[in-house]
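Novice: Give the three-dimensional model of this entry:
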Amino acid sequence: MWDVNFLWMKEPDPALGISQAERKPGDSITALAHDLNYPALRKNKNIEAFLNRYDKAVSQLRELHVKLEDFEKIKLIGRGAYGEVQLVRHKASQKVYAMKQLSKFEMIKRSDSAFFWEERHIMAFSNSPWIVQLCCAFQDERHLYMVMEFMPGGDVVTLTMNYDVPESWARFYTAELVLALDAIHSMGFIHRDVKPDNMLLDQRGHLKLADFGTCMKMDQSGLVHCDTAVGTPDYISPEVLQSQGGDGLYGRECDWWAVGVFIYELLVGETPFYAESLVGTYGKIMNHNNSLVFPENVEMSAEAKQLICAFLTDREVRLGRTGVDEVKKHPFFKDEQWTFDNIRDTVAPVVPELNSDVDTSNFDDFEEERGDVETFPQPKAFSGNQLPFVGFTFFKEDRLLNREKACEEETEKEKEKEEEEEEEEVKQSCKDYAEEEEKDSSEIQKKVCLLEEKLDHEMQAKDELEQKCKNTTIHLDKLVKELDKEMSGRQRMEASLRQLERERALLQHQSTEQLRKAELETDRKQVLENELNNLRDQLEEVRRRNQSSQISSEKNQQLHKQLEETSAQLQHERKATSRLRKAQAEALKHEQALELGLKEQEQRCVLTTDTPFNHWHLGPATLGVRPLWGPALRGPASPGVRGLSGGSGPLRGPASKGLRPLGSGLTGSASTGSASYGVRPLRGSGLYGDRPYGTASPGTGPLTGTGLSGDRPLGVGLSGTGLSGTALPAQMLWMSLMTSIRLLCLLLWLPLAWSCPNHCRCFSRRAEVVCDSAPFESFPSDSLPSNASYLTIQFTNISTLTESHLNGTPHLRELHLFSNKIRVLAPHLLRGLPKLRCIDLTDNKLTHLPADVFSHAPLECLNLTRLQHVNLEENQLRSVAPGLLDSLVSLDEDGLDLTGNPWSCDGKIEYLWSWINKNKSKVFLPEMVTCATPPTLAGRSLVSLTKSEIQMTS
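Specialist: As a prediction, the model looks like this:
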């Protein structure tokens, strides 16, 4: 037999106050055997002999002790820094427990903050109903196990998430927390981590305190010495926070600080010193006198605020520093339904509804960790890793089992003694019988009979006792079953009673809420009635106003219509005014042109006698033959209408009725579109966009070559121009006389003119050179006379115009190149044209004007300062080179036409806008010009600009 005394733990634990009777068997020998059972240590003969000697005994001890295989794991219900908590069922008794599993390696690694001995001692030896009880504790090579009673109600955190906690509920749970802390402090410990996570609810909804891994034993003065800040940041007290890295000295008042934080969190919904960072939280805790604030939107009694402020203050004046009695006496804990003495028997505000004994609906779900668990490495020398845990094993029913064993042994000894006495009696009887056998056989026979009878009686008595024992056993079984039935019925009654109490509490709460809502509804009804009366008064007022306004509504409609008509008339008058202003400007310009033409005609009349016949051309005039200074039309003109001598190119499009004048009109380009009935309007447009049939501009004489209303005396006029149908005296008669002679010459010369190559017709040294709808793609420089003054090329395929094309025409005054396909203007194009006054590039394909088109030529050779008209409308211009327009200083009014080009929005257009701003009177813009946004108009797109807008935005 093994020495039993050796297998039991001999050394008590004075730090925890464990007496000799509380020592537990097997931990010392099991721990020593495990620490020695390594290959490197077994090489020692003494260790090998020790292990071989006690190996069998250690195996038997492990089999007899409680072990992990005795429990069935159900679900993981919690996880902490040092381990996890499993819901388990004991296989033998089928009871449900919560088993806490701690890693031995983490306990040794964090020995400064892991107080597992204190946790085991508090739960094992506390008889308080406010503390979770420990059923048993055991260990294996890697872990410590503590089997505790299961609290199916979950923690208070889950309660606050599912319900809005009123102040009555907060009072109830705070009172139970005060009693739980009093039980801990009475055992000589400080909890140091009081928070809702460590407050569990049992099946009746009452609170119990758990997780004593941070507890620390107080000394005789009621203080603890610790240089490590232990606890949760939001609930830690200032004195515990200051102990970090120093000589911390504090007492049980640090737990009362956490109670104040707990009450604040129940009523407000968050902790009083919460911040985004730990530094912010710790700063608020240290400055708690200024950072503690109660929200205005939370209803809270004055007693609650006073209690919170009494807890959340300095430790020297904190409530509870002298004991729990002053906490219990606070007015906040006065309640009509319970006191601190009977609160355990009172129905809790919330009783958990459980479906079974393993209902975990009040716990969060956790995933099982399948990673490798860190454990002790194999030592090369004796390390004693298991020695710190010797004596941890605990079983609450050890002493009861020991008493039962002692009783059984005594019973067995008594039975053996009785049997021995019976055997001695039998032996003595046999001996007496042997001695007296010879004396009297009859007496022996009697004694044998007596013994047989006695034996029969004994057997009967034995049978009766066995029958009584069976009957007693059956009766006990029946009593046990009845007791179980009564217990189940009692549990059902208690459950129904708890449900009724809970319903009663809920009904009281709902009744209070309904009363409050009824008062609110009464106030709201009064307010609504007042509003209804006000609305009725307002309705009557509105009705009176409507009756008075119906009369004036018709007048308002009439006035509105009159206003719209007036606005339309005003808009029409504005347009008409604008057109009249344009027409007036055109008329003034035309008047100046007529005066200039008249002067030229007078000079030409003086030289008429010396001029060859090719100055005149054949063409039908009104009511006879009409002289024309310039080329004749290709076909017949409109009745009584002729082109103006010395004018610019023809209309861009065909004239009305299929007649297109081929001669030139007034100096400048014609407007885009057709003329009225073959009559060419003024530059741009006539009055209101159309020209009266056969009439000139208002307020001026007839156009050169045009009589009023189409009537003109035959053969009368000055160089094709008359004033109101009357010719000049004397000299005009001489010109009329010479007409018949010139007509004969023209009839002979006209076929030669039509035979010029590329359909170009050259007339005299100062006449126009016209190329209309010619198929050539290059410039007809071989057919241009050197003395040509006017050049017109239209409807051709010419795409490039170079300086060499115009070198042979130094007397050129007007250059008309409209409706071609010109894409590029060569540099120095106008060099050698000092007399050039007008250039028309309408309706081409130009996209850009380089800076050297009008410049980069010697001033003595190229005097561009005399250029008066530049027409660039209806091209594809997107930019103008800087400096291009600086030499155009002699432009007359509206002498530069840039209409109808898709200008770009880049920086190159800025030069153009600045030049237009400085010379706005010289630029022709129609009534409204749509162009791209200039650089200075930020935020606007595709705006329509007039001259005034250009001035404003420059």
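Novice: Confirm His185 sits in a strand?
Specialist: No: applying DSSP: H, G, I helix; E, B strand; the rest coil, one finds His185 to be helix, outside a strand.
Novice: Next, the contact list for the nearest residue to it once chain neighbours are set aside, please.
Specialist: Spatial nearest neighbour of His185, excluding adjacent residues (C-beta to C-beta, 6 or more residues apart in numbering): Arg252 at 5.0 Å. (Glycine included, C-beta is placed from N, CA and C.) If you count contacts by C-beta atoms under 8 Å, 6 or more residues apart in numbering, Arg252 has them with Leu181, His185, Ile190, Met218, Gly222, Gly320, Arg321.
Novice: Arg252 and Lys555, how far apart?
Specialist: Distance, Arg252 to Lys555, using C-beta to C-beta, to the nearest Å: 90 Å.
Novice: From Lys109, how far off is Gly78?
Specialist: Distance from Gly78 to Lys109, by C-beta to C-beta: 21 Å.
Novice: between the two, which one's more packed in?
Specialist: Gly78 (18 against 12; other C-beta atoms under 10 Å).
Novice: does the more buried one have beta-bridge partners, and which?
Specialist: Following DSSP bridges, Gly78 is listed with bridge partners Val85.
Novice: Where does pLDDT dip in the stretch 1-150 of the chain?
Specialist: Applying pLDDT under 70 to the stretch 1-150 of the chain picks out residues 1-26, 111-114.
Novice: For it, which segments count as helices?
Specialist: Assigned by DSSP state H, counting those that start in this stretch, the helices in the stretch 1-150 of the chain fall at 4-7, 27-36, 45-64, 104-109, 116-125.
Novice: try the stretch 201-350 of the chain
Specialist: For the stretch 201-350 of the chain, the helices defined by DSSP H, counting those that start in this stretch occupy 238-242, 253-268, 278-286, 288-291, 302-311, 325-328.
Novice: which of those helices sits most buried?
Specialist: Highest mean neighbour count among the helices of the stretch 201-350 of the chain (mean count of other C-beta atoms under 10 Å): helix 253-268, with a mean of 23.
Novice: Against which helices or strands is that one packed?
Specialist: Contact partners of helix 253-268 among helices and strands, from 3 or more C-beta pairs under 8 Å, 6 or more residues apart in numbering; DSSP states H and E: helix 167-186, helix 238-242, helix 302-311.
Novice: for these, which one sits closest to Leu896?
Specialist: Nearest to Leu896, of all the helices and strands packed on helix 253-268, is helix 238-242, at 85.3 Å by C-beta to C-beta.
Novice: Could you list the residues in contact with stretch 69-80?
Specialist: With contacts defined as C-beta under 8 Å, 6+ apart, stretch 69-80 is touched by 84-92, 96-99, 147, 211, 213, 358, 360, 363-364, 366-368.
Novice: among the contacts of Arg252, which ones are buried?
Specialist: Burial by neighbour count, 16 or more other C-beta atoms under 10 Å: within the contacts of Arg252 this picks out Leu181, His185, Ile190, Met218, Gly320, Arg321.
Novice: Okay, the last one and Gly231: tell me how far apart.
Specialist: From Arg321 over to Gly231 the distance is 18 Å, taken as C-beta to C-beta.
Novice: What of the third one?
Specialist: Separation of Ile190 from Gly231 (C-beta to C-beta) stands at 11 Å.
Novice: Same check on the second one?
Specialist: As for His185, its distance to Gly231 is 16 Å (criterion: C-beta to C-beta).
Novice: ok, now the fifth one?
Specialist: Relative to Gly231, Gly320 is positioned 17 Å away (C-beta to C-beta).
Novice: what's the answer for the first one, then?
Specialist: Taking C-beta to C-beta as the measure, Leu181 falls 14 Å from Gly231.
Novice: again, but for Arg837
Specialist: Distance of Arg837 to Gly231, computed by C-beta to C-beta: 101 Å.
Novice: same check, this time on Val66
Specialist: Taking C-beta to C-beta, one finds Val66 at 33 Å from Gly231.
Novice: And for Asp197?
Specialist: Asp197 sits 12 Å away from Gly231, going by C-beta to C-beta.
Novice: And for Pro902?
Specialist: For Pro902, the distance to Gly231 equals 77 Å [C-beta to C-beta].
Novice: Same question for Thr796.
Specialist: From Thr796 to Gly231 the distance is 99 Å (C-beta to C-beta).
Novice: which one of those two has more residues nearby?
Specialist: Per other C-beta under 10 Å, whichever of Thr796 and Gly231 has more neighbours is Thr796, with 23 against 20.
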